[in-house]
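In: sequence-free structure coming up:
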């Protein structure tokens, strides 16, 4: 990959969770969530992005989402389970991304709303085609993901520096 190629960030919201009598952190995926996670994995594979790293919340539903989605990818990236992603604000998520090493070009973050949706909104100073309109219309449902590109190094990632290049939701 040349230095001229942009960094790519996929912000992936966990699939639909069930509501059993467990703590929020331990909520598993529902049956629909398991199906949607695999479909999202196929859509992620269709992007052709060779992810260098996956940053996944430690919550059960995000770990299950990633486990089902990653099986659809041609290449399994290194996965780091990051406690700070759970219940994080967009600003807290930017801090996590700011810490990435320069050699990471393509990252996927599996997290939660409202943080993931807020981060997609805050980072994207511009958008291609109708990606922003589709993201607003769908309100970033479970198993949805946004693809952003950025020319900045990770330590310089801040509001408005990325371009929202694509958005996908299970209802698309």
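Out: Sure, I can see it. These figures come from a predicted structure and were not determined experimentally.
In: where does this structure dip in pLDDT?
Out: Residues of the chain meeting the criterion pLDDT under 70: 1-4.
In: do you have the strands of it handy? List them.
Out: Secondary structure of the chain (DSSP state E): strands at 7-13, 53-56, 78-81, 106-111, 124-127, 145-150, 162-168.
In: out of the ones you listed, nearest to residue 65?
Out: For residue 65, the closest of the strands of the chain is strand 106-111, at 6.0 Å, according to C-beta to C-beta. No exception for glycine: its C-beta is placed from N, CA and C like everyone else's.
In: returning to what we had before: so which of the strands of the chain is nearest residue 92?
Out: Among those, the nearest to residue 92 by C-beta to C-beta is strand 106-111 (10.3 Å).
In: rewinding a little: turn the strands of the chain into TSV, including mean neighbour count.
Out: Conversion of the strands of the chain to TSV gives the following (neighbours: other C-beta atoms under 10 Å):
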stretch	mean neighbour count
strand 7-13	24
strand 53-56	22
strand 78-81	14
strand 106-111	25
strand 124-127	18
strand 145-150	23
strand 162-168	22
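In: so residue 58 touches residue 26, yeah?
Out: No: taking contacts as C-beta atoms under 8 Å, residue 58 lies outside contact range of residue 26: 10.3 Å.
In: if anything else comes up later, I'll come back, but that's it for now.
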